[in-house]
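>>> quick one: sequence plus predicted model below, questions after.
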Amino acid sequence: MTQNLLSLTLSDEDVAAVNAALSDLESRLSGLLALDNATRRQITKMGDKSEAFVRQTLTVLEQNPDIVPPALGLPEAQADLVAMDRLRPVLSRLQRLTERVSDSEMALGSDLMNTALEGYGLLKVSGRNRGLEGAAEALGARFARRGSRPSAAAA
């Protein structure tokens with residue numbers, strides 16, 4: 001029985017509109033940063049408990065400006081907090097959309113793979129008398145093992 005997890009039709013106009021929307025998002029979010037792995041590992045991270053600490057500290061510092069030296073950069077930190085609060089709902093929506101796109105791509109690939117496997121089985125059985133042995137053999141290369149594995153005794 002053929003699997004059909006998803007039937008999806010995207011017209012050229014749909015793809016063009018999505019690409020235009022993505023271009024608009026990219027231009028509006030041009031200030032975003034891409035961290036390399038080394039930086040990602042090294043920087044101080046703010047988790048849920050740390051976020052409460054950060055918010056409380058910024059509030060106390062704002063209420064006591066006489067103890068805050070200009071070099072601390074409190075206005076920049078306050079602006080960062082506002083930007084983070086505005087960015088989070090966008091990130092949440094983008095993550096949900098990305099997950100749905102990824103799942104849909106996986107479902108379409110699974111549908112295709114299942115159809116191809118069933119079709120390959122038909123070629124192997126029904127294609128013998130129709131001159132399709134070569135095609136079935138060529139397709140079977142996908143399942144060919146590469147080299148032999150060392151036996152447990154040799155290991």
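Cool, the structure landed.
>>> do a quick rundown of the helices in the protein.
With helices called from DSSP state H, the chain shows them at 12-28, 37-42, 48-63, 74-126, 133-140.
>>> the fourth one packs against which elements?
The criterion is 3 or more Cβ pairs under 8 Å, 6 or more residues apart in numbering; DSSP states H and E, and the helices and strands that helix 74-126 contacts are helix 48-63, helix 133-140. Bear in mind the C-beta positions are built from the backbone N, C-alpha and C, glycine included.
>>> weakest of the ones you listed in terms of mean pLDDT?
With a mean of 88, helix 133-140 has the lowest mean pLDDT of the helices and strands packed on helix 74-126.
>>> tilt between it and helix 74-126?
Going by axes from the mean of the first three to the mean of the last three Cα atoms, to 10 degrees, helix 133-140 is angled at 150 degrees with respect to helix 74-126.
>>> what does helix 133-140 rub up against?
120, 123, 124, 127 (Cβ atoms under 8 Å, 6 or more residues apart in numbering).
>>> over to stretch 66-79?
Residues contacting stretch 66-79 (Cβ under 8 Å, 6+ apart): 58, 61, 62.
>>> same thing but 6 Å
Contact with stretch 66-79 is made by residue 61, as judged by Cβ atoms under 6 Å, 6 or more residues apart in numbering.
>>> buried residues, it. List them.
residue 74 (16 or more other Cβ atoms under 10 Å).
>>> for it, the distance to its chain's centre please.
Put simply, stretch 66-79 sits 36 Å off its chain's centre (Cα atoms, centre = their mean, to the nearest Å).
>>> distance between the ends of that stretch?
Taking Cα to Cα, to the nearest Å, the first and last residues of stretch 66-79 lie 20 Å apart.
>>> again with stretch 3-14
Span of stretch 3-14 from end to end, Cα to Cα: 26 Å.
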